[in-house]
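**Q** Provided below for reference: sequence and predicted model.
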Amino acid sequence: MKASIIGGYTLIILGCILGAISLLSLATSIPMFLELNTSEAYNWGFIIGRIFMIILLFLLAKVSISKGKKIKALSLA
């Protein structure tokens, strides 16, 4: 029971860290997107890849937090 509570809190903390990383990645990507020349195919690939990575980090953070809350609630019940 103690291990599942620790695991739940660990997943919540991991989700918060992933969320912060994705927000920082988004904040640092905006100036890069404004400076790119969108007429080149390489730049479009870079933009799409960066957006995909940010969305993936947000989803991982959301799943990690929700799973941590679920594990914590089950272990306390």
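**A** Yep, it's here.
**Q** okay, CA-based contacts and neighbour counts for the rest of this
**A** Fine.
**Q** Could you pull up the residues touching the residue positioned nearest the centre of the chain?
**A** Closest to where the C-alpha atoms of the chain average out (C-alpha atoms, centre = their mean) is Leu57, at 2.6 Å. By C-alpha atoms under 8 Å, 6 or more residues apart in numbering, the contact set of Leu57 is Leu18, Gly19, Ile21, Ser22.
**Q** Mind checking which of these are in helices?
**A** Within the contacts of Leu57, residues falling in helices by DSSP state H are Leu18, Gly19, Ile21, Ser22.
**Q** Ile47 and Glu35 touch, don't they?
**A** No - counting by C-alpha atoms under 8 Å, Ile47 stays clear of Glu35, with 11.4 Å between them.
**Q** Show me which of the two is the more surrounded one.
**A** Using other C-alpha atoms under 10 Å as the criterion, Ile47 and Glu35 rank with Ile47 on top: 17 against 8.
**Q** How much space separates that one from Ser25?
**A** From Ile47 across to Ser25, the span is 12 Å (C-alpha to C-alpha, to the nearest Å).
**Q** And Gly45, by the same measure?
**A** For Gly45, the distance to Ser25 - C-alpha to C-alpha - is 17 Å.
**Q** So for those two, which residue has more residues nearby?
**A** Between Gly45 and Ser25, counted using other C-alpha under 10 Å, the more crowded position is Ser25 (16 against 12).
**Q** In contact with the more buried one, which residues?
**A** Ser25 neighbours (C-alpha under 8 Å, 6+ apart): Ile54.
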